[in-house]
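Novice: heads up, no residue letters with this:
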């Protein structure tokens, strides 16, 4: 009988490491492949808020195909999950990008298929080829993502408060008139407005953080004016106190304050409308009207963006099927997506269909429907797509930090803006200029 | 009746024919753990070291890794936000850890006697340590609401006019986190101290009493020196844990207001997972690791030779 061969520690360790590496490589590199007739779509909207119905309609129109929808939360962690999935070879064919910084990263890293030729060949998709006021994301002269939703901002008004104060729903107004109404609606224990509309965006439009040469634009007077006016209105108790916003994490739960009638005016976007027609989760007994964003002059921008950028994973093996889905999503999808607060980029669906989707079946119970029709479909709104995204997350954080300090009264508006300006310029200098 | 006898431990110089299968079996037993530790500890650790010398945004994949030498470390040294985070981490850990240890010691001395409900009290004080960070954070968020929170209502009852803004104030947010950290760690420190007190040398206490030593003198000359190794253990482990503290900051303040609670782990998170600058985040991580290691070694050296049992 021969002695069993002895395994040395070194060889076992090497074997273990090899097995580990193999496991890691298998896990990371093995691209799971679903059948050629199955499409995998990742989006941030809950399936029940529209995507499930859209997919059912697609599958009905194309019974030979199946679509799997995976919902990710559109926050830092959710986007990281999507990024690692895209990089790790997870079977994703179509995905939706929401934050601009993610759009730049994914597109710049080749994670978005070049859609230019397909868009150019598709009847009705001409607006996506527009470059002056883009509705698509362009990377080196090629389209890698299509904006599928318009998110115009508007002011929501508590009509009960308006009636009590003897005020009318405005159909157009300036920032001064907005501030005046906020003051009139302010009472003991109730604030006129949650926050001031984004005056710099209204005045400057796209790429408002950057000068034409790509430097920091925070020395533009409108940034200081915005901070000064916000601060003085908080001091007057016209705007909701920012200390409460921070203490209650209200920036992501603004609807709670509006439904609880803590303030009367609320600058927001269509996705918020779903809270106001949900009496079980957000019980309230007042109706809501809409007014357009206040203006600062004849060339004012709406401070809302084009968004929900649809992309095809460049690694997808089902690119034709993915494009078929995108065509359906853009052309046939809007009625299904409206309940989730999505207004289509292309005006290819009846306004009333979208309006019904946005406001629900019992719209008259909760909304002044005419005011929404006017604001969303009759008014001309200038939406933006930012194209310069240099050091975007760094500048965004610097602005949020200084805004917080200013609005809780710990830093003067001038000092806050000066700090943002210097931090933004430092970040732009470090990470390169784009103009 | 069959009697089984446990096999004797093998002689150190067992022949290869016997040791081989036994060693192989041993290695097979530890293999799952070895794979896990290698995959989830050693590989990430090595990756961090490598990444610290690169510019990488994750989304560009492995092909997008660009080696940039020591640039990240040069930026770390010149980065005012990094040094601000270092300062806040030192204040956060430097205050919360000693105060947790001191409170834990006081609590353990109070509980180390025959009082009614001692077991229940121990469990009650230990509870915060095992409750999830989210539950702790959300509870304190409500308690410390500046306008409607119980804490400020209590302080107002005491007649305080200028009440703390807690998480809505850049001056109070870090102290609020320190208070929560102490509250969370207090029971843990007390339980560790209580077990150490069981080992205290009773003969020395008896001799000291015979010699007329009072309670303070007995504490200073017997209890404290006997607890010194435990104290160092607590200081080191709590310091390492606190300097890696991320959960409460992420949950309660997101590093704000301003950057008043941006401690090092949170700055690392921002750099990596919000800015997608993973190379720079790895460099911050490495520098932090070296800093914590040096401080830990310093603490060990400082206590050497001072314990009663040394």
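Specialist: Nice, thanks for sending it over. Everything quoted here is computed from the prediction, not taken from an experiment. Numbers count the residues shown, from 1 in each chain, chains lettered A, B, ... in the order given.
Novice: Quick one: residues contacting the closest residue to residue A:414 other than its chain neighbours.
Specialist: The shortest distance from residue A:414 to any non-neighbouring residue, by CB to CB, 6 or more residues apart in numbering or on different chains, is to residue A:224 (6.5 Å). Heads up, the C-betas are built off the backbone N, CA and C, glycines and all. Residues counted as contacts of residue A:224 (CB atoms under 8 Å, 6 or more residues apart in numbering or on different chains) are A:413, A:414, A:417.
Novice: can you check residue A:424 too?
Specialist: A:209, A:216, A:218, A:391, A:394, A:395, A:398, A:399.
Novice: Secondary structure and distance to residue A:167 for these - can I get that in a markdown table?
Specialist: As requested, these are arranged in a markdown table below (DSSP: H, G, I helix; E, B strand; the rest coil; distance: CB to CB, whole Å):
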| residue | secondary structure | distance to residue A:167 |
| --- | --- | --- |
| A:209 | coil | 35 |
| A:216 | strand | 39 |
| A:218 | coil | 35 |
| A:391 | coil | 43 |
| A:394 | helix | 42 |
| A:395 | helix | 38 |
| A:398 | helix | 38 |
| A:399 | helix | 33 |
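Novice: Between these, which sits nearest chain B?
Specialist: residue A:394 (6.0 Å; CB to the nearest CB).
Novice: quick one, what contacts the spatially closest residue to the closest one that is not a sequence neighbour?
Specialist: Leaving aside its chain neighbours, residue A:394 sits nearest to residue A:427 (4.1 Å; criterion: CB to CB, 6+ apart). Contacts for residue A:427 (CB under 8 Å, 6+ apart) come out as A:390, A:391, A:394, A:395, A:398.
Novice: Which strands and helices lie in contact with the lengthiest helix in chain B?
Specialist: Counting by DSSP state H, the longest helix found in chain B is helix B:80-111. With contacts taken as 3 or more CB pairs under 8 Å, 6 or more residues apart in numbering or on different chains; DSSP states H and E, helix B:80-111 sits against helix B:118-130, helix B:173-198, helix B:224-243, helix B:264-269, helix B:278-303.
Novice: from those, which stretch is densest packed?
Specialist: Among the helices and strands packed on helix B:80-111, ranked by average contacts under mean count of other CB atoms under 10 Å in any protein chain shown, first place goes to helix B:264-269 (a mean of 23).
Novice: before we move on, the earlier item: secondary structure, neighbour count and pLDDT added to the contacts of residue A:224, as a markdown table?
Specialist: Shown next, in a markdown table, are these (DSSP: H, G, I helix; E, B strand; the rest coil; neighbours: other CB atoms under 10 Å in any protein chain shown; pLDDT from 0 to 100):
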| residue | secondary structure | neighbour count | pLDDT |
| --- | --- | --- | --- |
| A:413 | helix | 21 | 98 |
| A:414 | helix | 12 | 98 |
| A:417 | helix | 25 | 98 |
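Novice: can the residues you listed go into JSON lines with extra columns for distance to residue A:339?
Specialist: Output for the contacts of residue A:224, formatted as JSON lines (distance: CB to CB, whole Å):
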{"residue": "A:413", "distance to residue A:339": "40"}
{"residue": "A:414", "distance to residue A:339": "45"}
{"residue": "A:417", "distance to residue A:339": "40"}
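Novice: Check what contacts the strand or helix carrying residue A:267 and list those residues.
Specialist: For residue A:267, the enclosing helix or strand under DSSP states H and E is strand A:263-268. The contact list for strand A:263-268 (CB under 8 Å, 6+ apart) reads A:153-158, A:161-162, A:178, A:181-182, A:185, A:190-198, A:240, A:254, A:257-258, A:272, A:293, A:303.
Novice: Give me the subset of these lying in helices.
Specialist: Reading helices off these with DSSP H, I get A:161, A:162, A:178, A:181, A:182, A:185, A:254, A:257, A:258.
Novice: how many neighbours does residue A:42 have?
Specialist: 23 (other CB atoms under 10 Å in any protein chain shown).
Novice: tell me the SS of it?
Specialist: strand (DSSP: H, G, I helix; E, B strand; the rest coil).
Novice: Now residue 243. Nearest residue, chain neighbours left out?
Specialist: By default, I'm working from chain A. residue B:168 (3.8 Å).
Novice: try chain B instead
Specialist: Nearest to residue B:243 is residue B:93, by CB to CB, 6+ apart, at 4.7 Å.
Novice: Next: residue B:67.
Specialist: Nearest non-adjacent residue to residue B:67 (CB to CB, 6+ apart): residue B:54, at 5.4 Å.
Novice: Equivalent analysis for residue A:228, please.
Specialist: residue A:413 (4.5 Å).
Novice: Any residues of the stretch 151-300 of chain B in contact with chain A? List them.
Specialist: Applying CB under 8 Å from any CB of the partner chain, we find that the stretch 151-300 of chain B lies next to chain A at B:165-171, B:256-259, B:270, B:273-276.
Novice: Weed out the non-buried ones from those residues.
Specialist: By neighbour count, with 16 or more other CB atoms under 10 Å in any protein chain shown, those hold B:165-170, B:256-259, B:270, B:273-276 as buried.
Novice: Among the residues you listed, which are located in strands?
Specialist: When DSSP state E defines the strands, the subset of these inside them is empty.
Novice: which SS state does the residue nearest to residue A:394 fall under?
Specialist: Applying three-state DSSP: residue A:427 is helix.
Novice: That one and residue B:284: what is the separation?
Specialist: Residue A:427 sits 16 Å away from residue B:284 when distances are taken as CB to CB, to the nearest Å.
Novice: go on, residue A:47?
Specialist: From residue A:47 to residue B:284 the distance is 38 Å (CB to CB).
Novice: cool, and residue B:118?
Specialist: Residue B:118 is 45 Å from residue B:284, where distance means CB to CB.
Novice: Could you do residue A:279 as well?
Specialist: According to CB to CB, residue A:279 and residue B:284 sit 48 Å apart.
Novice: Residue A:120: neighbour count?
Specialist: 12.
Novice: Just the element for it, please.
Specialist: In the assignment (DSSP H and E), residue A:120 maps to helix A:116-121.
Novice: C-terminal to that helix, which secondary structure element comes first?
Specialist: strand A:136-139.
Novice: Can you name the residues in contact with the helix or strand following that following strand?
Specialist: Helices and strands here follow DSSP H and E; after strand A:136-139, the next one along the chain is strand A:142-150. Outside strand A:142-150, the residues within contact range by CB under 8 Å, 6+ apart are A:96-97, A:103, A:107, A:112-116, A:119, A:128-129, A:134-138, A:304, A:306-311, A:326, A:329-330, A:333, A:337, A:342-345, A:381, A:383, A:385.
Novice: Just the buried ones from these?
Specialist: Those of the contacts of strand A:142-150 that meet the buried threshold are A:96-97, A:103, A:107, A:112-113, A:115-116, A:119, A:128, A:134-138, A:304, A:306-311, A:326, A:329-330, A:333, A:337, A:342-345, A:381, A:383, A:385, by 16+ other CB under 10 Å.
Novice: What's the per-residue pLDDT of the nearest residue to residue B:69 once chain neighbours are set aside here?
Specialist: Spatial nearest neighbour of residue B:69, excluding adjacent residues (CB to CB, 6+ apart): residue B:53 at 6.3 Å. Looking at residue B:53, its pLDDT is 97.
Novice: Residue B:53: what's it in contact with?
Specialist: Residue B:53 neighbours (CB under 8 Å, 6+ apart): B:67, B:68, B:69, B:70, B:72, B:279, B:283.
Novice: Surely the second one touches residue B:51?
Specialist: Read that as residue B:68. No. The criterion here is CB atoms under 8 Å, and residue B:68 misses it with residue B:51 at 10.9 Å.
Novice: For the two, list the residues in contact with both.
Specialist: residue B:279.
Novice: Neighbour count for those two, which is higher?
Specialist: Taking neighbours as other CB under 10 Å, residue B:68 and residue B:51 compare with residue B:51 leading, 23 against 15.
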